[in-house]
Structure formats: C-alpha cells, structure tokens
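> below are the sequence and a predicted model; questions follow.
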Amino acid sequence: MPPCNTDDLEELLAGGESDRVEFKRSWSGDVRKRAIEAVCAF
C-alpha cells in the first residue's frame, strides 16, 4: 500500500469509521498505547 497524502487522509476522515478507520472519543488510559501497537503491526 502506498503512503497516504493529505487528500487521502482527508477522504478517510470524511468517510467515517470503516475497516481502515476507527475514531476514539478519548486518548485516556491505555488507548494511546494500543493504537500505536495496532499501527506498528502493519
């Protein structure tokens, strides 16, 4: 998968949650750590 450019990222944000996007209400607790682990897994 090629890197995303700004237009790609804006399109992902505008499209809402999907298999590629998950929104979080808060970054409290261990959410930040788990998100980083998930990104690094790819």
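Cool, got the structure. Numbering: from 1, shown residues only.

> centre of the chain to the longest helix seen in the chain, how far?
What stands out as the longest helix in the chain, according to DSSP state H, is helix 31-41. Taking C-alpha atoms, centre = their mean, to the nearest Å, the mean C-alpha location of helix 31-41 is offset from the chain mean by 10 Å.

> pull out the buried residues from that helix.
Residues of helix 31-41 include none that count as buried (16 or more other C-beta atoms under 10 Å). (Each C-beta comes from the backbone N, C-alpha and C, glycine too.)

> what's the nearest residue to Val31 if we skip its chain neighbours?
Excluding its sequence neighbours, the residue lying closest to Val31 (C-beta to C-beta, 6 or more residues apart in numbering) is Lys24, at 5.7 Å.

> any idea which helix or strand in this structure has the lowest mean pLDDT?
Lowest on mean pLDDT, DSSP states H and E among the helices and strands of the chain sits helix 31-41, with a mean of 78.

> pLDDT value on Glu17, please?
Glu17 is assigned 87 on the pLDDT scale.

> from Leu12, how far out is the nearest residue to it once chain neighbours are set aside?
Nearest residue to Glu17, sequence neighbours excluded (C-beta to C-beta, 6+ apart): Phe23, at 5.8 Å. Using C-beta to C-beta, to the nearest Å, Phe23 is found at 11 Å from Leu12.

> for the residue of the chain positioned farthest from its centre, grab phi and psi.
Computed with C-alpha atoms, centre = their mean, the residue of the chain farthest from its C-alpha average is Gly29, at 17.4 Å. Phi and psi for Gly29, reported as degrees, to the nearest 10, are phi 70, psi -140.

> follow-up on the earlier one: compare Phe23 and Leu12 (neighbour count), which wins?
Neighbours per residue (other C-beta atoms under 10 Å) separate Phe23 from Leu12, with Leu12 holding more: 13 against 7.

> can you tell me, leaving aside adjacent residues, what's nearest to the more buried one?
Val21 (5.2 Å).

> what sits against that neighbour?
Going by C-beta atoms under 8 Å, 6 or more residues apart in numbering, Val21 touches Leu12, Leu13, Gly15.

> residues near the last one, how many?
Spelled out, it's Gly15. Gly15: 10 neighbours (other C-beta under 10 Å).
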